[in-house]
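Undergrad: Got a predicted structure plus its sequence, pasted below:
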Amino acid sequence: KQEVTQIPAALSVPEGENLVLNCSFTDSAIYNLQWFRQDPGKGLTSLLLIQSSQREQTSGRLNASLDKSSGRSTLYIAASQPGDSATYLCALMDSNYQLIWGAGTKLIIKP
Amino acid sequence: KAGVTQTPRYLIKTRGQQVTLSCSPISGHRSVSWYQQTPGQGLQFLFEYFSETQRNKGNFPGRFSGRQFSNSRSEMNVSTLELGDSALYLCASSLDSPVDEQYFGPGTRLTVT
């Protein structure tokens, strides 16, 4: 059974720092992996989608990598800003065409 | 292009009642998926509809059902509500397949008392 783990559960860093969020999974048979952010009481905003054949995707200050062999993905945020404060979730599309979710990392960027 | 819309945004029901939630996908998107988010279980897949047919289903009891209309709009229904059904229900749409990038609506916050 596919399991997705996100470490750390919470992270607080000063503004301007570069940071890395981690996502690990137990089964490499995936179609893609997606990173989302969720603001309190709100829905989900898609940040980056990495297909299983890709190694990384970039959008602005965000870079996501995927290593299926080790069952890991990372989300790199450069030059963090207070507006980046949110919960970040990773989710992967498994072999049954279902999105399996991590529990999220709650990120706080201190001004 | 308008995003995914969900109605209502908030709902309060009592145990034993039933509820219907609505989701309008992005124009041109034909796949609609539903998810439940709770503090204890996190996000869990409920079901996915395509071309008015349920194409995939998660591990939820039969009290949870859904349907999709010819214009791709979808509804989900929960019958005989339980306290544990209190959650944020999220709908996502994608072009043709859930493998395509999924775009989420703001969710419906259901509280069962």
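TA: Alright, I've got the coordinates. All of these numbers come straight from a predicted model, not from anything done at the bench. Numbering: from 1, shown residues only, chains lettered A, B, ... in the order given.
Undergrad: Which positions in chain A make contact with chain B?
TA: Neighbours of chain B within chain A, by Cβ under 8 Å from any Cβ of the partner chain: A:31-32, A:34, A:36, A:41-46, A:49, A:89, A:91, A:93, A:96-104. C-betas here are computed from N, CA, C, even on glycine.
Undergrad: try 6 Å this time
TA: Proximity of chain A to chain B (Cβ under 6 Å from any Cβ of the partner chain) is limited to residues A:31, A:43-44, A:49, A:93, A:97-99, A:101, A:103.
Undergrad: now, among those residues, which is nearest to residue B:46?
TA: Set against residue B:46, the nearest of the residues of chain A next to chain B by Cβ to Cβ is residue A:98 (9.9 Å).
Undergrad: Now do the strands in chain B.
TA: Along chain B, the stretches classed as strands by DSSP state E are B:5-7, B:10-13, B:19-24, B:31-38, B:42-50, B:53-57, B:64-68, B:74-78, B:87-94, B:103-104, B:108-112.
Undergrad: Same list (those) but as TSV, adding distance to chain A.
TA: Formatted as TSV, those follow (distance: least, Cβ to the nearest Cβ, whole Å):
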stretch	distance to chain A
strand B:5-7	8
strand B:10-13	10
strand B:19-24	11
strand B:31-38	7
strand B:42-50	4
strand B:53-57	5
strand B:64-68	15
strand B:74-78	15
strand B:87-94	6
strand B:103-104	4
strand B:108-112	8
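Undergrad: Of the residues of chain A next to chain B, which one scores lowest on pLDDT?
TA: Among the residues of chain A next to chain B, residue A:43 carries the lowest pLDDT, at 85.
Undergrad: Now that we have the residues of chain A next to chain B, which of them are buried?
TA: A:31, A:43-44, A:49, A:93, A:97-99, A:101, A:103 (16 or more other Cβ atoms under 10 Å in any protein chain shown).
Undergrad: Look up the pLDDT of the residue nearest the centre of chain B for me, please.
TA: The centroid of chain B falls nearest to residue B:34 when counting by Cα atoms, centre = their mean (3.4 Å). Predicted confidence (pLDDT) at residue B:34: the value is 97.
Undergrad: can you list the buried ones among the residues of chain A next to chain B in JSON lines and add distance to residue B:62 and secondary structure?
TA: Below are these laid out as JSON lines (distance: Cβ to Cβ, whole Å; DSSP: H, G, I helix; E, B strand; the rest coil):
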{"residue": "A:31", "distance to residue B:62": "28", "secondary structure": "strand"}
{"residue": "A:43", "distance to residue B:62": "27", "secondary structure": "coil"}
{"residue": "A:44", "distance to residue B:62": "27", "secondary structure": "strand"}
{"residue": "A:49", "distance to residue B:62": "32", "secondary structure": "strand"}
{"residue": "A:93", "distance to residue B:62": "25", "secondary structure": "strand"}
{"residue": "A:97", "distance to residue B:62": "21", "secondary structure": "coil"}
{"residue": "A:98", "distance to residue B:62": "18", "secondary structure": "coil"}
{"residue": "A:99", "distance to residue B:62": "22", "secondary structure": "strand"}
{"residue": "A:101", "distance to residue B:62": "23", "secondary structure": "strand"}
{"residue": "A:103", "distance to residue B:62": "27", "secondary structure": "coil"}
